[in-house]
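**Student:** Build the 3D model from these lines:
(chains A and B)
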Amino acid sequence: MNLRPVGERGLLVELDDNATAQQLARHVRDRFGERVQEVVPGHTTVLIVGARRRLPAAELAGWVPGPQDAAAQVKTLEVPVTYDGPDLGTVAQACGMSVEAVVRRHAAARYTVAFLGFAPGFAYLIGGDPVLRPGRRSQPRERVPAGAVALAGEYAAVYPRASPGGWQLIGRTELVMFDPARDPPALATPGRTVRFREAAGD
Amino acid sequence: MIEVLDAGPLTTVQDLGRPGWAHLGVPRSGAADRGAVRLANRLAGNPEGAAALETSLAGPRLRIHHDCVVVLAGAPCPAAVAGRELALHQATRLAAGDELIVGRAQRGARTYIAFAGGIDAPPTLGSRATDTLAGLGPAPLRAGDRLALGDPYGRPPAVDVVPVPEPAGEVEVALLLGPRDDWLAAGALDALHAAAYTVDAASNRVGVRLTGPRLHWARPQELRSEGIVPGAVQVPPSGQPIVLLADHPTTGGYPVVGVVAERALDRVAQLRPGDRIRLRPVPNPV
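**Tutor:** Okay, here's the model as predicted:
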């Protein structure tokens, strides 16, 4: 792993892949507790912000990723989806398949939360079907509704609240992805497995 | 209780924010000038993290509904109650029925209005701060809003002199290099230091947008998203740097060339459109 400084109290650790980043993030939280203020996974990085000072590089020396543990034993998050997004047809065309195939492949995939960013509770999901990788829209929308189920490049996501957005929208969910009054506030936490399923028609 | 008669351009409730939630996409938020809100609170006899009001360029008009004590800090601005001028850094007793008018900042951008007891708004994730990007915390003030105050913590301290430098229209701040200073093309760092950048009008609590000499990347490809801290100086494809402030997005794919030191960030938070800033690169070994 490679270490880079971030201001006075931060350390950015570069790892080989997201699974390793999740392991390191868990290790740092467990081992250093109150000494760290933020532990923020990125796609292949972990940002560690010390509560008072930067975590000394020596404290991380010698850490090696262990065998892939059962990802902190958090239950898989199931997201019920009504697949009627405005970009479903565009995605099908871009990926060279039927709309039904898009839905089938999206619902069959085991996604992992790589990291959160952009908005509270906005989780960037990786591990989806490699042929289901449409590019972003050329023109972003001024308003993507809360609960929108979306794809862009190597990522899938659910918009936790209404915001501008350039991702391809393939459906919507009623699941509340982020609620600050809830514990934990976000459903899709770093490293969690996420699966989508077609919602029972109502 | 405080009643808002006129909210001003943008007045929000701010404290020292909600650290510890960045992994869920929630930045710390809180006062953009942390030193000023701490000072206002100390002078009001509050803990430093009590909730106060933060203005942007001009302040609100407030009606006071019960006796209370108020302190102003940060950007100097005219402030008056019942025709009496209020100076910065002075605990002033207000009476029920008083109207407090906080005017346009004469220098700097953000004035902090602390009341003894603090603003008693319901906290979100442990803080009363308004995050204007994430949409967490209380909504920005609007005319008609009523704000409760907490009970005063004790007498404000007796203070004769508060030697705080005034906000300046031209600042130079240390830029602690990293994590992605190696993404800049050769010579770009020297160009960065040599130039005074101008603060763009499109600046806000998310970040201060700077215009000036373009900073070129050495590498063509985009960076995968990684965690960001307040004070980070991002270089987007335009080459025009952005100094991120309290309501920054928690991850980003634009390279961060360096981070402004925390104390110095308070001075950046007081820059107005048209002000100038010089970023002085400083090595930051791990």
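**Student:** Could you name whichever residue is most remote from the centre of the chain?
**Tutor:** No chain specified, so I'll use chain A. For chain A, the residue at maximal distance from the C-alpha centroid (CA atoms, centre = their mean) is A:Ala58, at 29.5 Å.
**Student:** Chain B is the one I meant
**Tutor:** Within chain B, the residue lying farthest from the chain centre (CA atoms, centre = their mean) is B:Pro220, at 33.5 Å.
**Student:** Now do the SS call for that one.
**Tutor:** coil (DSSP: H, G, I helix; E, B strand; the rest coil).
**Student:** what pLDDT does it get?
**Tutor:** Per-residue pLDDT puts B:Pro220 at 74.
**Student:** which SSE is the closest residue to A:Ala200 other than its chain neighbours in?
**Tutor:** Nearest residue to A:Ala200, sequence neighbours excluded (CB to CB, 6 or more residues apart in numbering or on different chains): A:Pro80, at 7.6 Å. For glycine as for every other residue, the C-beta is placed from the backbone atoms N, C-alpha and C. Here A:Pro80, judged by DSSP states H and E, is contained in strand A:77-81.
**Student:** Buried residues in that strand, which are they?
**Tutor:** Applying a neighbour-count criterion of 16 or more other CB atoms under 10 Å in any protein chain shown, the buried positions in strand A:77-81 are A:77, A:79, A:81.
**Student:** Between those, which sits nearest chain B?
**Tutor:** A:Leu77 (13.9 Å; CB to the nearest CB).
**Student:** ok, back up a step: and the contacts of the strand holding A:Pro80?
**Tutor:** Contacts to strand A:77-81, defined as CB atoms under 8 Å, 6 or more residues apart in numbering or on different chains, come from residues A:106-107, A:149, A:158, A:170-175, A:187-188, A:192-200.
**Student:** Neighbouring strands - and their directions - for that strand?
**Tutor:** As defined by DSSP bridges, the strand partners of strand A:77-81 come to strand A:193-198 (parallel).
**Student:** What residues of the strand it pairs with count as buried?
**Tutor:** Buried residues in strand A:193-198, counting neighbours by 16+ other CB under 10 Å, are found at A:193-194, A:196.
**Student:** Any chance of a markdown table for the residues you listed, columns distance to A:Arg52 and pLDDT?
**Tutor:** Formatted as a markdown table, the buried residues of strand A:193-198 follow (distance: CB to CB, whole Å; pLDDT from 0 to 100):
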| residue | distance to A:Arg52 | pLDDT |
| --- | --- | --- |
| A:Thr193 | 35 | 97 |
| A:Val194 | 35 | 98 |
| A:Phe196 | 42 | 98 |
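**Student:** which of those lies closest to chain B?
**Tutor:** The closest of the buried residues of strand A:193-198 to chain B turns out to be A:Val194 (CB to the nearest CB; 14.7 Å).
**Student:** Can you name every helix or strand that the least confident helix or strand in chain B by mean pLDDT contacts?
**Tutor:** When each helix and strand of chain B is scored by mean pLDDT, DSSP states H and E, helix B:188-194 comes last, with a mean of 88. With contacts taken as 3 or more CB pairs under 8 Å, 6 or more residues apart in numbering or on different chains; DSSP states H and E, helix B:188-194 sits against strand B:276-282.
**Student:** Would you mind writing the CA trace of the strand it packs on as CSV?
**Tutor:** These are the backbone C-alpha positions of strand B:276-282, laid out as CSV (Å, rounded to 0.1, in the frame of the first residue of the first chain):
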residue,chain,number,x,y,z
ARG,B,276,-7.3,37.8,-4.0
ILE,B,277,-5.6,34.8,-2.7
ARG,B,278,-2.1,33.4,-3.0
LEU,B,279,-1.5,29.7,-2.3
ARG,B,280,2.0,29.0,-1.0
PRO,B,281,3.0,25.3,-1.6
VAL,B,282,4.5,23.7,1.5
